[in-house]
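Enquirer: below are the sequence and a predicted model; questions follow.
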Amino acid sequence: MKQYNWATLGCGVIANELANALSKQGRTLYSVANRTHEKAVSFAQKYGISKVYECIDDVFTDPDVDIIYISTPHNTHIRYLKKALANGKHVLCEKSITLNINELDEAILISQKNNVILAEAMTIYHMPIYKELNKIISDGKLGKLNLIQVNFGSYKDYDMSNRFFNRNLAGGALLDIGVYSLSLIRWFFTESADQILSQVKYAPTGVDEQVGILLTNPSSEMATVTLSLHSKQPKRATISFDKAYIEIFEYPRGMQAAIIYTDDGHKEIIDAGDTNDALFYEITDMEKAVNSSDPKEIEDLMHCQYTYDVMKIMSDIRTDWGMKYPEEE
């Protein structure tokens, strides 16, 4: 398979993980772009990257760039997505891929017009543990899915200027951590939710600090989600079937699951993948997708429909709340 030239747009934590993931393959990022040029230069020196752009927009028109990984704050994504896709670049974009479903619709149209892949960097869709669990579920040994319970709670200090609570940086629990919970639910649901109820507690800045969500789909599968940015919870998911339930801890980058069987209570441990290789799995699937001309194979690798379904749910929830970001007003 062809090796592709990756550019990173952003120099934060995820960009460092991306550079390290490529290094495991004996590769380096082709180029780096950042709003602050000095940070881009420092990042390039750290990882031996040969190309740094003076102007951030130059990454979109560089003919040697194949794939751009966007890891800037999510309220900036649509601006960069439109430029990248319009210039024929494949894009792997950090979650949440856009602020709302309307932005995602706009980006998808541009990607289709230019015949390029637009995908969200959602670890859950690429970690081997979830692919292994899908095989077990598909065999029918667990029976029918009934209920999913998902928790994600972080304790963030009440610094209203940081990105978690900053309305101008599209802060809030739903887009920052809820996207993981809803993506996990969509992975196991046989179809997307069509009935959604939610409650919200706002931070002083007006973004969602604490959220509860109840979802049901046409197959009567149900899910509950509890999120908080100011109260620590385990990152735990429980997926309940007729004949067993699955329990996963640290599920955004999970690598182990326990299956507890209903009839006799015995436990089966499933190990697959490594938390530390999350970005490696993402870029490997992305390169396979870019290398493919089969729409079904691309979807099976990148799960773009799941991304769309999750964004639609998050947009509907915020519409119900009446909560908007400055870019949406």
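Expert: Cool, the structure landed. Please read these numbers as outputs of a predicted model, since none were measured by experiment.
Enquirer: how about the contacts made by the nearest residue to Ile213 once chain neighbours are set aside?
Expert: The shortest distance from Ile213 to any residue other than its chain neighbours is 4.1 Å, reached at Val225 (CB to CB, 6 or more residues apart in numbering). C-beta here means a position set from N, CA and C on the backbone, and glycine is covered the same way. Remark: with contacts taken as CB atoms under 8 Å, 6 or more residues apart in numbering, Val225 is in contact with 150-152, 178, 181-182, 185, 211-215.
Enquirer: what values do phi and psi take at Val225?
Expert: phi -130, psi 130 (degrees, to the nearest 10).
Enquirer: look up how far Phe189 lies from it.
Expert: Remark: distance between Val225 and Phe189 (CB to CB, to the nearest Å) = 12 Å.
Enquirer: all helices of the stretch 51-200 of the chain, in order?
Expert: Taking DSSP state H, counting those that start in this stretch to define them, one finds helices in the stretch 51-200 of the chain at 58-61, 77-86, 101-113, 128-138, 173, 179-188.
Enquirer: gap between Lys267 and Lys235?
Expert: Taking CB to CB as the measure, Lys267 and Lys235 are separated by 20 Å.
Enquirer: also Gln25?
Expert: Distance of Gln25 to Lys235, given as CB to CB: 28 Å.
Enquirer: do the same with Asp208
Expert: 18 Å.
Enquirer: number of residues surrounding Glu38?
Expert: Glu38 is flanked by 10 other residues according to other CB atoms under 10 Å.
Enquirer: then the helix or strand containing it to PDB, C-alphas only?
Expert: Counting by DSSP states H and E, the element that carries Glu38 is helix 37-47. Extracted in PDB, the C-alpha atoms of helix 37-47 (Å, rounded to 0.1, in the frame of the first residue of the first chain):
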ATOM      1  CA  HIS A  37       4.500  29.900  13.600                       C
ATOM      2  CA  GLU A  38       7.000  29.600  16.400                       C
ATOM      3  CA  LYS A  39       5.200  26.700  17.900                       C
ATOM      4  CA  ALA A  40       5.100  24.900  14.600                       C
ATOM      5  CA  VAL A  41       8.900  25.400  14.200                       C
ATOM      6  CA  SER A  42       9.500  24.000  17.700                       C
ATOM      7  CA  PHE A  43       7.200  21.000  17.000                       C
ATOM      8  CA  ALA A  44       9.000  20.300  13.700                       C
ATOM      9  CA  GLN A  45      12.400  20.400  15.400                       C
ATOM     10  CA  LYS A  46      11.200  18.000  18.100                       C
ATOM     11  CA  TYR A  47      10.000  15.300  15.600                       C
END
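Enquirer: so how far does stretch 294-311 reach from one end to the other?
Expert: Counting by CA to CA, to the nearest Å, you get 24 Å between the two ends of stretch 294-311.
Enquirer: buried sites along that stretch?
Expert: Along stretch 294-311, the positions that meet the burial threshold by neighbour count (16 or more other CB atoms under 10 Å) are 298, 301-304, 306-311.
Enquirer: before we move on, back to that, now mean pLDDT and mean neighbour count too, for the helices of the stretch 51-200 of the chain, in JSON lines please.
Expert: Converted to JSON lines, these look like this (pLDDT from 0 to 100; neighbours: other CB atoms under 10 Å):
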{"stretch": "helix 58-61", "mean pLDDT": "98", "mean neighbour count": "20"}
{"stretch": "helix 77-86", "mean pLDDT": "98", "mean neighbour count": "21"}
{"stretch": "helix 101-113", "mean pLDDT": "98", "mean neighbour count": "17"}
{"stretch": "helix 128-138", "mean pLDDT": "97", "mean neighbour count": "16"}
{"stretch": "helix 173", "mean pLDDT": "98", "mean neighbour count": "29"}
{"stretch": "helix 179-188", "mean pLDDT": "98", "mean neighbour count": "25"}
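Enquirer: format the ones you listed as CSV; extra columns: distance to Met122.
Expert: What follows is the helices of the stretch 51-200 of the chain, written out as CSV (distance: least, CB to CB, whole Å):
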stretch, distance to Met122
helix 58-61, 23
helix 77-86, 14
helix 101-113, 13
helix 128-138, 10
helix 173, 17
helix 179-188, 5
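Enquirer: what about these, which gets the closest to Ala15?
Expert: Ranking the helices of the stretch 51-200 of the chain by their distance to Ala15 (criterion: CB to CB) puts helix 58-61 first, at 12.7 Å.
Enquirer: returning to what we had before: what packs against the helix holding Glu38?
Expert: Packed against helix 37-47 by the contact rule (3 or more CB pairs under 8 Å, 6 or more residues apart in numbering; DSSP states H and E) you find helix 13-23, strand 31-33, strand 51-52.
Enquirer: having no further points to raise, I will conclude here.
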